[in-house]
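> with the input below, show me the fold.
(one chain, ligands or ions: 1)
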Amino acid sequence: MHELNTLPAETREILLSLGVPAARLDGGSVTARTPITGEVLAEVVADTTDQANAAIERAHAAFQIWRNVPAPKRGELIRLLGEELRASKDVLGRLVSVEAGKVTSEGLGEVQEMIDICDFAVGLSRQLYGLTIATERADHRMMETWHPVGVVGVISAFNFPVAVWSWNAALALVCGDAVVWKPSEKTPLTALATDAILQRAIARYRAEGHEIPEGLTAVLIGGADIGELLVDHTRVPVISATGSTRMGRAVGPRVAARFGRSILELGGNNAAIVAPSADLELTLRGVAFAAMGTAGQRCTTLRRLFVHDSVYDALVERLKGAYRSVTVGSPLKEGNLVGPLIDKAAFDGMQKALEAARAAGGSVVGGERVEAAQDAYYTRPALVEMPAQTGPVLEETFAPILYVIRYTDFADALAMQNDVPQGLSSSCFTNDLREAETFLSASGSDCGIANVNIGPSGAEIGGAFGGEKETGGGRESGSDAWKAYMRRATNTINYGRSLPLAQGVKFDI
Ligand code: NAD
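Next up is the predicted model:
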């Protein structure tokens, strides 16, 4: 690994070695900082409106060629992308740590997730199945066919600066679509690095003798204005947007107004229920990672914990111990488990939520700032015992705050867990079969993700990922999430000599 004196110098060296043009990194309007020290890493040159429009038009033209390439051949591009990501895993993981502040194993884990979805998409490229459907008419056949849909616009958040792109792009590209990506303005460098890695895969694909149209993929650097341009563009039939519910509230209606399709992956307010029969050792570890890991900056971070009265004191005392002893500091230093918040606004938001919790009768352990480098914001994770689910508990504060509430009746705990506007992820720690199955049943957790005896945070790429209510309803990644990137055609073929109409309708001329 590079051992240069400063993070800006090391970052620049990695970017140039991957093939990011130097001209993109200086004198621009998008300031990339590392939350580790607050230093400026680069002044990235943003795309203009004209450049963004031109990139979308190019992607549309490329789509018209790419859609006719057989899907398994499209899969070969993603196989090569997976190989290039494997080769660059260390450096891209390092960049994720530097730009988003993730501890080393999580930075590498994010790149592993990209590799995993590439493997999944390669297999998928031979499995874009449609159904054959029984028809009521003699000598007819009915079936459905899945076709590529067009340009997929991907808008991503800072906290998974590259994995979210890969969940979308790996599927969309094997499905025959073009992809235009607007990454978070807080993490432009990992996006440029990812694009450079993709360009390597594209060069190898061409060298193997395959054709790939120019402009099939693009990265647009910029803020919400460039995101809005993508959202409003009629050449972009699908918008996959990951970020806050505030962003989704703006994006969803705009896409709908032009009859586009959106995949919304928005904020969560994830909960866990700890029942009397729970394995407390396992629960402690599950809760600690889910609530404190990634400094509370995962959409699936555990934010609300409902603990049964009979195990409350035992568990919460041990949790407080874990909160007091967890190592906070530079994510690049081995042994540290909690890195920095992304910026001052995140720190201020955390302090505001803690004040509101105190005002609502909460008692707080942790939450104070540590390692106060001027522009870096490290805090101790906060555990807040609350008398009831009120005030800030109902909101997503994107920071490591865990609200803990005591319960006596499982049905009440379940009702509280569901009684928030968000519906992303949830867990139940129990060894009682009735509770576990009730939690997973139709009248159980109302979230897109419901787990038993593991925390709500994190997910494997094989399952469909996403949530309900204000989380937006979108699904990405595994299972049949690929269908959102294609259009479905129902085909009926008459191989007989008569023309029977459906439902017995007569029209004899
Ligand atoms: P954010 O909403 O501030 O920004 C996300 C992206 O949306 C950025 O690229 C931003 O430029 C863009 N954007 C903002 N306003 C826009 C608009 N009006 N039109 C088009 N684009 C716009 O979110 P953030 O602070 O980067 O990320 C944290 C949030 O993301 C949290 O709420 C977290 O829960 C959520 N998140 C959700 C998931 C999920 O899968 N459900 C995954 C990761 C993060």
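> surely Arg33 meets Glu39?
Yes. Here Arg33 reaches Glu39: they are 6.6 Å apart, a contact under Cβ atoms under 8 Å. All C-beta spots, glycine's among them, are computed from the backbone N, C-alpha and C.
> what residues are shared contacts of those two?
Shared contacts of Arg33 and Glu39 (Cβ atoms under 8 Å, 6 or more residues apart in numbering): Asp375.
> out of the two, which sits in the busier spot?
Arg33 (23 against 17; other Cβ atoms under 10 Å).
> chain neighbours aside, what residue packs nearest to the more buried one?
Val40 (5.6 Å; Cβ to Cβ, 6 or more residues apart in numbering).
> and that neighbour, how close does it get to Leu25?
To Leu25, Val40 is 11 Å away according to Cβ to Cβ, to the nearest Å.
> sheet partners, orientation included, of the host helix or strand of Tyr378?
Per DSSP states H and E, Tyr378 falls inside strand 378-379. When pairing is defined by DSSP bridges, strand 378-379 lines up against strand 369-370 (antiparallel).
> check contacts around the residue nearest to Arg33.
Contacts of Val40 (Cβ under 8 Å, 6+ apart): 8, 31-33.
> what's the most distant pair in those?
Between any two of the contacts of Val40, the greatest separation by Cβ to Cβ is 11.8 Å, found for Pro8 and Thr31.
> what about Ala489, is that helix, strand or coil?
strand (DSSP: H, G, I helix; E, B strand; the rest coil).
> where's it relative to Met142, distance?
Relative to Met142, and taking Cβ to Cβ, Ala489 is found at 11 Å.
> tell me, how many residues neighbour whatever residue of the stretch 51-200 of the chain ends up closest to the ligand?
Per Cβ to the nearest ligand atom, Ala157 is where the stretch 51-200 of the chain lies closest to the ligand, at 3.2 Å. Using other Cβ under 10 Å, Ala157 has 23 neighbouring residues.
> what of Ala271?
30.
> please apply the same query to Asn418.
Asn418 is flanked by 17 other residues according to other Cβ under 10 Å.
> ditto for Leu131
Neighbours around Leu131, by other Cβ under 10 Å: 10.
> might you report the residue contacts of it?
Each residue near Leu131 by Cβ under 8 Å, 6+ apart is listed here: 143-144.
> thinking again about what came up before, most neighbours, which of the contacts of Val40?
The residue in the contacts of Val40 with the most neighbours, by other Cβ under 10 Å, is Ala32 (25 neighbours).
> show me what the host helix or strand of that one is in contact with.
Element membership for Ala32 (DSSP H and E) is strand 30-33. For strand 30-33, contacts defined as Cβ under 8 Å, 6+ apart pick out 39-46, 99, 185-189, 221-223, 343, 375.
> show the buried residues in those.
39, 41-42, 44-46, 99, 185-189, 221-222, 343 (16 or more other Cβ atoms under 10 Å).
> okay, and the common contacts of Pro8 and Thr31?
Residues touching both Pro8 and Thr31 by Cβ under 8 Å, 6+ apart: 40, 42.
> now do the helices in the stretch 101-250 of the chain.
Remark: helices assigned in the stretch 101-250 of the chain by DSSP state H, counting those that start in this stretch are 104-124, 163-174, 188-207, 224-232, 245-257.
> helices or strands up against the third one?
Going back to what we said before, that points to helix 188-207. Using 3 or more Cβ pairs under 8 Å, 6 or more residues apart in numbering; DSSP states H and E, the elements in contact with helix 188-207 are helix 7-18, strand 30-33, strand 40-44, helix 71-87, helix 89-100, helix 163-174, strand 217-219.
> dump the ones you listed to CSV, plus distance to the ligand and mean pLDDT.
Output for the helices and strands packed on helix 188-207, formatted as CSV (distance: least, Cβ to the nearest ligand atom, whole Å; pLDDT from 0 to 100):
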stretch, distance to the ligand, mean pLDDT
helix 7-18, 20, 98
strand 30-33, 10, 98
strand 40-44, 13, 98
helix 71-87, 20, 98
helix 89-100, 10, 98
helix 163-174, 6, 98
strand 217-219, 12, 98
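> now, of the ones you listed, which is deepest in the fold?
Of the helices and strands packed on helix 188-207, the one with the most neighbours on average (mean count of other Cβ atoms under 10 Å) is helix 163-174, at a mean of 28.
> hmm, back to that, not counting its neighbours along the chain, what's nearest the residue of the stretch 51-200 of the chain closest to the ligand?
Nearest to Ala157 is Gly243, by Cβ to Cβ, 6+ apart, at 4.3 Å.
> pretty sure that neighbour contacts Phe160?
No. The criterion here is Cβ under 8 Å, and Gly243 misses it with Phe160 at 10.4 Å.
> which one of the helices and strands packed on helix 188-207 lies closest to Ile454?
Closest among those, using Cβ to Cβ: helix 163-174, at 19.3 Å.
> so which elements touch the closest one?
With contacts taken as 3+ Cβ pairs under 8 Å, 6+ apart, helix 163-174 sits against helix 71-87, helix 104-124, strand 151-155, strand 178-182, helix 188-207, strand 238-242, strand 476-477.
> how distant is the longest one from the center of its chain?
When distances are taken as Cα atoms, centre = their mean, to the nearest Å, helix 104-124 is centred 13 Å away from the chain's centroid.
> does the ligand have contacts with it?
No. Figure legend: helix 104-124 not in contact with the ligand (Cβ under 6 Å from any ligand atom); closest approach 11.3 Å.
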